[in-house]
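Enquirer: give the three-dimensional model of this entry:
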Amino acid sequence: MNIKVRKLLFIHEGVSEDGHVVVTDINFLGKIIGGQLNPKPEGAYRGAKFIDIDQLDKINFYPKITIKVLKEAWSKNFKIEAQYLIHKYN
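Expert: Numbers count the residues shown, from 1 in each chain. Predicted structure coming up:
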């Protein structure tokens, strides 16, 4: 799939309970400009699909607060400043 990145939305950093794994998530707003969604499963990664905004509460999404900020950003048509979630929501 070809996507044109429009803007940075959120950055989140998380550390596992044992402190051995650090994950940084960077979320962008983008526009599909061609191709098809065709992920290749790897490790714990199982795939990707498009869902409706009202289905976010039904998926396993980390950090959970990201669902709240995604819905807020959606309601504002993504006219928001980029957010660093660990400082604002942890």
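Enquirer: and Asn60, what element?
Expert: Asn60 is part of no helix or strand, with elements assigned from DSSP states H and E.
Enquirer: again with Lys68
Expert: Counting by DSSP H and E, Lys68 is part of helix 65-75.
Enquirer: after that helix, heading C-terminal, what element do we hit next?
Expert: strand 83-84.
Enquirer: name the residues that touch that following strand?
Expert: Here strand 83-84 makes contact (C-beta atoms under 8 Å, 6 or more residues apart in numbering) with Leu9, Phe10, Ile11, His12, Val69. Where you see a C-beta, it was placed from the backbone N, CA and C, and this is true even at glycine.
Enquirer: now those residues: which count as buried?
Expert: Buried members of those, counted by 16 or more other C-beta atoms under 10 Å: Leu9, Phe10, His12, Val69.
Enquirer: just the closest of the residues you listed to Phe50, please.
Expert: Set against Phe50, the nearest of the buried ones among the contacts of strand 83-84 by C-beta to C-beta is Leu9 (16.8 Å).
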